[in-house]
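Undergrad: Turn this into a model:
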Amino acid sequence: MFKLKENSDQNVSINSRNLRLLLCLLLFAFSACTRLPNIQGKGEPFMQGVWNEDSVALSNKLNTYTKHHFKFSCDSVYIDFVTYSKVNFYSDSCFNKGVWKEYAKGVYAVIGDTLFLGATYTHANYKQKISGCYRIGRYEKKFLIKKSSSTTLLLENLTDQRQITLNLKEKVTCVQKPL
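TA: Just a heads-up that it's a prediction; the model follows:
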């Protein structure tokens, strides 16, 4: 046990366990407070590119399904969704004979075998969408990366266990941009 004198009247005791904890907290605080560069992240090299879902398994038996188109550039993701529906969930002016397109833009991260997407629904020009037909707000998804090769990504949606098979259409080179 260490004894520190604070004033001539008081003794403050710190045992070695608390001292180690205090030192660890100080070390963590100083190491965790580093300023990040004002530039976008590099993302994952194997993800960089334009990926299409060319077909959806059992689509002829589903009332509604969505095909995905992803573009991963550095740590950014641009997503185009084409939805096919036999059931009208929207007003007639939005239903568009059961085929419509939506868009989202955001960032992604791969941690272990999981792909995390955090995006916002947008218009076709990837500017934020705050009203209109279909979905607005946040697009937050987690996918298990079941297989990855230089030309194929097999993802499993961790919410509904649907699988998405993506095929590489174009390789993209990350050119980091200022934030």
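
Undergrad: only C-alpha atoms for contact and neighbour calcs from this point on.
TA: Fine.

Undergrad: and residue 107, bridged to which residues?
TA: residue 76, residue 118 (DSSP bridges).

Undergrad: Can you check the pLDDT for it?
TA: For residue 107, the pLDDT comes out at 97.

Undergrad: List the contacts of it.
TA: 75-77, 117-119 (Cα atoms under 8 Å, 6 or more residues apart in numbering).

Undergrad: hmm, which of those residues are the buried ones?
TA: Neighbour counting by 16 or more other Cα atoms under 10 Å classes 75-77, 117-119 among those as buried.

Undergrad: Can you report how many residues neighbour residue 115?
TA: A count of neighbours around residue 115, defined by other Cα atoms under 10 Å, yields 18.

Undergrad: Residue 113 too?
TA: 12.

Undergrad: Is it correct that it is in contact with residue 142?
TA: No. Contact criterion Cα atoms under 8 Å: residue 113 and residue 142 do not qualify, at 10.4 Å.

Undergrad: Go ahead and flag the most central residue of this protein.
TA: Taking Cα atoms, centre = their mean, the centroid of the chain lies closest to residue 117, which sits 1.7 Å from it.

Undergrad: Distance check, that residue against residue 107.
TA: 6 Å (Cα to Cα, to the nearest Å).

Undergrad: try residue 128
TA: Residue 128 is 14 Å from residue 107, where distance means Cα to Cα.

Undergrad: Repeat that for residue 66.
TA: 21 Å.

Undergrad: can you pull out the helices in this protein?
TA: 16-32, 92-95 (DSSP state H).

Undergrad: could I get the shortest one in CSV with only the CA atoms?
TA: This means helix 92-95. C-alpha atoms of helix 92-95 as CSV (Å, rounded to 0.1, in the frame of the first residue of the first chain):
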residue,chain,number,x,y,z
ASP,A,92,-51.6,3.6,-56.9
SER,A,93,-49.4,6.4,-58.0
CYS,A,94,-46.4,4.8,-56.2
PHE,A,95,-47.0,1.2,-57.1
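
Undergrad: Please enumerate residues in contact with it?
TA: So helix 92-95 is contacted by 88-89, 133-134 (Cα under 8 Å, 6+ apart).

Undergrad: and if we set it to 6 Å?
TA: residue 133 (Cα atoms under 6 Å, 6 or more residues apart in numbering).

Undergrad: quick check: mean pLDDT across it?
TA: 83.

Undergrad: I'd like to know the average pLDDT value across stretch 159-172.
TA: For stretch 159-172, the per-residue pLDDT averages 95.

Undergrad: Low-confidence regions, the chain specifically.
TA: Low-confidence segments of the chain, defined by pLDDT under 70: 1-36.

Undergrad: mind running it again at 80?
TA: Low-confidence segments of the chain, defined by pLDDT under 80: 1-37, 89-92.

Undergrad: I appreciate the help and will end here.
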